[in-house]
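A.B. asks: this one's sequence-less:
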Ligand SMILES: Cc1ncc(C[n+]2csc(CCOP(=O)(O)OP(=O)(O)O)c2C)c(N)n1
Ligand SMILES: [Mg+2]
């Protein structure tokens, strides 16, 4: 990356002094601010379009085919998603939500990936993929219910082909692989019909790559040549654990060991993420099997609202990444190309404010659940054990109502 700020102020592993005696890889091998020469990039930190490189050449045509309107629409998504996320954070701070995992800094990774999906493609998220949800058409207010404690998900997975959030790290990779193998068995791969051929995208973080489920899913997907993309957002941290405690070589290089390609992309460059993900999803839908994409990005905020990152990472690291901000970058690109003017940027900001107000009102007006819904949707068909447990739970709740009435 041609980033002066980074060149003039390199920062290695942030806790290097503290951890040197136990470090197994040198800070240089795990430079958390520089994705290295293999990383696909099209726009630098200042919004300048980069020249063709060995890494980005294969994807250049996809970027060339995008229109100015596509660029503006991507920018709008980035801004609205950031505003939605900021509102989630604020609502938690004001006691309206129990928890909020912020995507701040990862907007381009999620919007680029989400926009490369077609309606028939299925997404399996972790818990931070609010931007992918947005691109798949899940109403943003629906993301809040689980974090407010009024439901167990808040959306119908099949309505937008966006699975429920999965908190158990890496778990969804297996679900996704199974779903992709199902698509294969349904014959919805490689037919050449754009509206029929489908693929799956499974999202996890750098920490998730250390999980057994993730690695097992990669084995199955590779062997089955499943129509799927493993999309790893390497935001450099798994709560307080840095990359060098997760892996000796980066995720994109590990794909080869499972028998399919791995690509590292600049996760803060929405054009690059879109191009790389579109190529991978097109390949998956046409029957060419899986791809692993590692989006090299950064978690600008805390892990969740329950976390304090100043306890384990230094401010200089965050400052370096602030210069790589995905929205600033896309805005600079659009402005320098003459694709958007101040009136457009102002209109998007105004729309973002309206969206935030809508989300806030919807959150505050969410009704408490009236009946136990945790038993719904466990099985596709009614199940006697679940029915019995539900009946027992309803009785249990009713016993409280009696006690309250008796007390009055
Ligand atoms: C199986 C399992 N182990 C541990 C946890 C606790 N936990 C929650 S988030 C997290 C870190 C995940 O890091 P990463 O995969 O990099 O995703 P990020 O939060 O950075 O997006 C951990 C260990 C969990 N939810 N599930
Ligand atoms: Mg992480």
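C.D. replies: Nice, thanks for sending it over. Computed from a prediction, not measured in an experiment: that's the story for all the values here. Ligands and ions are numbered 1, 2, ... in the order given.

A.B. asks: Which elements pack onto the strand or helix carrying residue 358?
C.D. replies: Residue 358 is part of helix 342-364 when elements are defined by DSSP states H and E. For helix 342-364, the packing partners by 3 or more CB pairs under 8 Å, 6 or more residues apart in numbering; DSSP states H and E come out as helix 68-93, helix 144-148. (Glycine included, C-beta is placed from N, CA and C.)

A.B. asks: Kindly reformat the ones you listed as JSON lines containing mean neighbour count and mean pLDDT.
C.D. replies: Shown next, in JSON lines, are the helices and strands packed on helix 342-364 (neighbours: other CB atoms under 10 Å; pLDDT from 0 to 100):
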{"stretch": "helix 68-93", "mean neighbour count": "20", "mean pLDDT": "98"}
{"stretch": "helix 144-148", "mean neighbour count": "21", "mean pLDDT": "96"}
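
A.B. asks: How about the backbone phi and psi for residue 124?
C.D. replies: phi -120, psi 100 (degrees, to the nearest 10).

A.B. asks: and the nearest residue to residue 340 once chain neighbours are set aside, what does it touch?
C.D. replies: Distances taken as CB to CB, 6 or more residues apart in numbering place residue 334 nearest to residue 340, at 4.0 Å, with adjacent residues excluded. The contact partners of residue 334, by CB atoms under 8 Å, 6 or more residues apart in numbering, come to 47, 68, 71, 72, 75, 340.

A.B. asks: Can you tell me the SS state at residue 334?
C.D. replies: Assigned with DSSP: H, G, I helix; E, B strand; the rest coil, residue 334 falls in the helix class.

A.B. asks: quick one: the spatially closest residue to residue 145 that is not a sequence neighbour from residue 138, how far?
C.D. replies: In space, and not counting its chain neighbours, residue 145 is closest to residue 154: 3.3 Å by CB to CB, 6+ apart. With distances taken as CB to CB, to the nearest Å, residue 154 is found 9 Å from residue 138.

A.B. asks: Ligand 2 contacts on this protein?
C.D. replies: Contact residues, the chain versus ligand 2 (CB under 5 Å from the ion): 205, 206, 235, 238.

A.B. asks: in the stretch 151-300 of the chain, which spans are strands?
C.D. replies: Under the criterion DSSP state E, counting those that start in this stretch, the stretch 151-300 of the chain contains strands at 200-205, 228-234, 237-238, 241-242, 262-266, 291-296.

A.B. asks: ranking those by mean pLDDT, which is last?
C.D. replies: Least confidently modelled of these is strand 241-242, at a mean of 94 by mean pLDDT.

A.B. asks: now that one, how far from the centre of its chain.
C.D. replies: Centroid separation for strand 241-242 versus its chain: 18 Å, with CA atoms, centre = their mean, to the nearest Å.

A.B. asks: And stretch 188-202, by the same measure?
C.D. replies: 21 Å.

A.B. asks: Ok, stretch 56-74 next?
C.D. replies: 21 Å.

A.B. asks: any weak-confidence spans in the protein?
C.D. replies: 1-30, 401-408 (pLDDT under 70).

A.B. asks: again, only using 50
C.D. replies: Counting by pLDDT under 50, the chain has low-confidence residues at 1-26, 28, 406-408.

A.B. asks: need the contact list for the spatially most central residue of it.
C.D. replies: In the chain, the centroid-proximal residue (CA atoms, centre = their mean) is residue 129; its distance is 3.7 Å. Residues near residue 129 by CB under 8 Å, 6+ apart: 103, 110, 123, 165, 203.

A.B. asks: Look at the residue in the stretch 101-250 of the chain positioned nearest to ligand 2 and say how many residues are nearby.
C.D. replies: Scanning the stretch 101-250 of the chain for proximity to ligand 2 using CB to the ion identifies residue 205 as nearest, at 3.5 Å. Per other CB atoms under 10 Å, the neighbour tally for residue 205 reads 26.
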